[in-house]
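Colleague: sequence unknown, structure follows:
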Ligand code: DLL
């Protein structure tokens, strides 16, 4: 769609959404009133900045269904945030919402190279999490042959992949890497499955992880972004043509980037916090939802020809940001260093502790099996491991600007993910007295 037509469509839909929440959701009426905003102040997308923000806390305070704009009897499905932190957030969909969402996911799958008739292996968890069922309905809508495997049971995943030869897969990058390594451990080559495209998201990952997944499976890896409060997967996806930036489904979701500290809108291209306003949702419209995710919008038109704006990879979450001796670091920034060193396995955790008033960061990382074999067994005191410690410290200093302590683990020692990987272990509050 030409950008000017898109703006018109967005403006119409924004006006409808604002009116809908004002009339139907007491929370929004109060919020708008307290900010002195009336629905007819909003005449076009440019007016979105007049609206107040909403946050995760608003979902918690109105748990379970206080933000819904329809009667419960019109809600055909409930999902929840994966709740890696605190209580889950519940979200709901009308029949029409499910149709629109499926349409978004179907379009996302096509953008990533999927076609009707493809065998499509869904590894995202089925259940309250939006990943499994979100992809499932989108893939069915597209007319794919969907294998609803869900997460876990790695050996069964492998058998099904070997027997059904999916053209496409969708799952968290950390778990799909885990599947590849399990296959290699069994003497199998993941490339033999013949997967052509993988749709990876739901957790932060890096270009190095993309290269690793592409190399192991011989597939093309695309990044998919979404969050339950907004809809689930399908909010944005990379195209297979460029694999550079994720096209936002702008006819359904209005995206802004704001300064995380002040909430001020930032010019296109600046890095800040993503904020979404839904444009077509019935059951649970969201107005200027502060995602906590850090990214930027890419102003240039994509070479695939799509006109929907692209966002960068997520650089991290505001609440995961560490301040190590005054330097801001996202835990994901460790990944590129870890994944490019042959001595290390691609499994790591960032442990944060507080020593006095300062954050101390320790990277726990596994040595690779070949390296351990080469030095005659796992021995953190070995001279080669000590040398490695020095090399790593230097790389962290030069790429992240901070030094971090490193604890080497034996191959297989760190927990493996079957869904979203736990990359940060925060010990700062363990000793807090309450
Ligand atoms: O993770 C929805 C989803 C399912 C997206 C399947 C992609 C694929 P939640 O459980 O509500 O929903 O978690 C949303 O996960 O705010 C981000 O912090 C993070 N996240 C999601 N996709 C990406 C991504 C689903 N591609 C939260 N890169 C979001 C980095 C991501 N972080």
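Modeller: Arrived safely. None of these values were measured; they are calculated from a predicted model.

Colleague: helix or strand for the residue of the stretch 251-400 of the chain at minimum distance from the ligand, which one?
Modeller: The stretch 251-400 of the chain approaches the ligand most closely through residue 314 (3.5 Å), counting by C-beta to the nearest ligand atom. The C-beta positions use only the backbone N, C-alpha and C, and glycine is treated the same way. Secondary structure assignment for residue 314, by DSSP states H and E: no helix or strand.

Colleague: my read: it touches residue 204, true?
Modeller: Yes. Because the distance of 5.5 Å satisfies C-beta atoms under 8 Å, residue 314 is recorded as touching residue 204.

Colleague: Compare those two (neighbour count), which wins?
Modeller: residue 204 (25 against 22; other C-beta atoms under 10 Å).

Colleague: And the pLDDT at the more buried one?
Modeller: The score at residue 204 is 95. That number is its pLDDT.

Colleague: Any idea how many residues pack against the closest residue to it other than its chain neighbours?
Modeller: Leaving aside its chain neighbours, residue 204 sits nearest to residue 332 (4.3 Å; criterion: C-beta to C-beta, 6 or more residues apart in numbering). Number of residues near residue 332 (other C-beta under 10 Å) recorded here: 21.

Colleague: contacting residues around residue 332?
Modeller: Listed by C-beta atoms under 8 Å, 6 or more residues apart in numbering, the contact set of residue 332 reads 204-206, 315-316, 423.

Colleague: give me that answer again for 10 Å
Modeller: 203-206, 209, 313-317, 320, 350, 423-424 (C-beta atoms under 10 Å, 6 or more residues apart in numbering).

Colleague: For residue 30, grab the count of nearby residues.
Modeller: That count, for residue 30 with other C-beta under 10 Å as the rule, works out to 10.

Colleague: now do the one 4 residues further on
Modeller: Applying the criterion other C-beta under 10 Å, we find 9 residues in the vicinity of residue 34.

Colleague: How much space separates it from residue 261?
Modeller: Distance of residue 34 to residue 261, computed by C-beta to C-beta, to the nearest Å: 22 Å.

Colleague: Show me what from the protein comes close to the ligand.
Modeller: Counting by C-beta under 6 Å from any ligand atom, the chain comes close to the ligand at 81-82, 124, 129-131, 201-204, 223-228, 232-233, 291, 293, 314, 317.

Colleague: Out of the residues you listed, which sit inside helices?
Modeller: 130-131 (DSSP state H).

Colleague: Cross-reference the residues of the chain next to the ligand with the strands and report the matches.
Modeller: 201, 223-227, 232-233, 291, 293, 317 (DSSP state E).

Colleague: can you put those in JSON lines and add neighbour count and distance to residue 67?
Modeller: Formatted as JSON lines, those follow (neighbours: other C-beta atoms under 10 Å; distance: C-beta to C-beta, whole Å):
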{"residue": "201", "neighbour count": "27", "distance to residue 67": "25"}
{"residue": "223", "neighbour count": "25", "distance to residue 67": "28"}
{"residue": "224", "neighbour count": "26", "distance to residue 67": "25"}
{"residue": "225", "neighbour count": "23", "distance to residue 67": "22"}
{"residue": "226", "neighbour count": "26", "distance to residue 67": "18"}
{"residue": "227", "neighbour count": "23", "distance to residue 67": "15"}
{"residue": "232", "neighbour count": "27", "distance to residue 67": "16"}
{"residue": "233", "neighbour count": "29", "distance to residue 67": "21"}
{"residue": "291", "neighbour count": "21", "distance to residue 67": "16"}
{"residue": "293", "neighbour count": "19", "distance to residue 67": "20"}
{"residue": "317", "neighbour count": "18", "distance to residue 67": "22"}
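
Colleague: in the protein, what secondary structure element scores lowest on mean pLDDT?
Modeller: Least confident helix or strand, the chain: strand 322-324 with a mean of 83, by mean pLDDT, DSSP states H and E.

Colleague: what packs against the helix or strand following that one?
Modeller: Using DSSP H and E, the next helix or strand after strand 322-324 towards the C-terminus is strand 327-329. The contact analysis (3 or more C-beta pairs under 10 Å, 6 or more residues apart in numbering; DSSP states H and E) places strand 327-329 against strand 322-324, helix 383-400.

Colleague: which of the residues in strand 327-329 are buried?
Modeller: Across strand 327-329, burial judged by 16 or more other C-beta atoms under 10 Å covers residue 329.

Colleague: Repeat that for stretch 388-406.
Modeller: 388, 392, 395-396, 400, 402, 404, 406.

Colleague: same deal with stretch 206-213?
Modeller: 206, 209-210, 212-213.

Colleague: Stretch 346-358 too?
Modeller: Within stretch 346-358, the residues that count as buried by 16+ other C-beta under 10 Å are 346-353.

Colleague: So for it, mean pLDDT?
Modeller: 88.

Colleague: now that stretch, how far from the chain's geometric center?
Modeller: Relative to its parent chain, stretch 346-358 has a centroid offset of 22 Å by C-alpha atoms, centre = their mean, to the nearest Å.

Colleague: Tell me how far stretch 225-233 lies from the chain's centre.
Modeller: On C-alpha atoms, centre = their mean, the centre of stretch 225-233 falls 9 Å from that of its chain.

Colleague: I figured residue 312 hits residue 244, correct?
Modeller: Yes. The pair residue 312 and residue 244 passes the contact test of C-beta atoms under 10 Å, sitting 9.1 Å apart.
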